[in-house]
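Student: quick one: sequence plus predicted model below, questions after.
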Amino acid sequence: MLQVKICSLHIFFLGLLFIALLALPRNARGRIAETMDECKARYGTPLSIQKDAALFLTNGLTVSVHFIAGKVDQIIYYKRDPLGSKNPFRLLKRKQ
């Protein structure tokens, strides 16, 4: 009888996991595959535009967007200016 309960519990959790995995890709996609025009509408005028990247400042966040073939493939959000004094890479510099 104990084996039956454990087996039923495993089936329940596997079913729950399956449902979660079905829902995840739809939610995880986010704003990937947007165009530059859609990014401008969402984040405003870019601070900087490179060949395949753009930098936006919106609502106190710095948003770095990378493009491949004109579509967004990576978005990074920073709480502060990534090039400013709070840059985490400054920790890698050796103190003099």
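Tutor: Arrived safely.

Student: tell me how this structure divides into domains.
Tutor: Here the domain assignment for the chain is 1-30, 31-81, based on automatic domain parsing.

Student: least confident of those, on average?
Tutor: Note on the domains of the chain: lowest mean pLDDT is at domain 1-30, with a mean of 70.

Student: so which bits of stretch 71-81 are buried?
Tutor: Under the neighbour-count criterion of 16 or more other CB atoms under 10 Å, stretch 71-81 has 72, 75, 78 buried. All C-beta atoms are positioned from the backbone trio N, CA, C, and that covers glycine.

Student: could I get these as CSV with distance to residue 15 and secondary structure?
Tutor: Formatted as CSV, the buried residues of stretch 71-81 follow (distance: CB to CB, whole Å; DSSP: H, G, I helix; E, B strand; the rest coil):
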residue, distance to residue 15, secondary structure
72, 34, strand
75, 32, strand
78, 39, strand
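
Student: how close does the nearest residue to residue 44 once chain neighbours are set aside get to residue 21?
Tutor: Distance criterion CB to CB, 6 or more residues apart in numbering; nearest residue to residue 44, sequence neighbours excluded, is residue 58 at 5.6 Å. In this structure, residue 58 and residue 21 are 32 Å apart, going by CB to CB, to the nearest Å.
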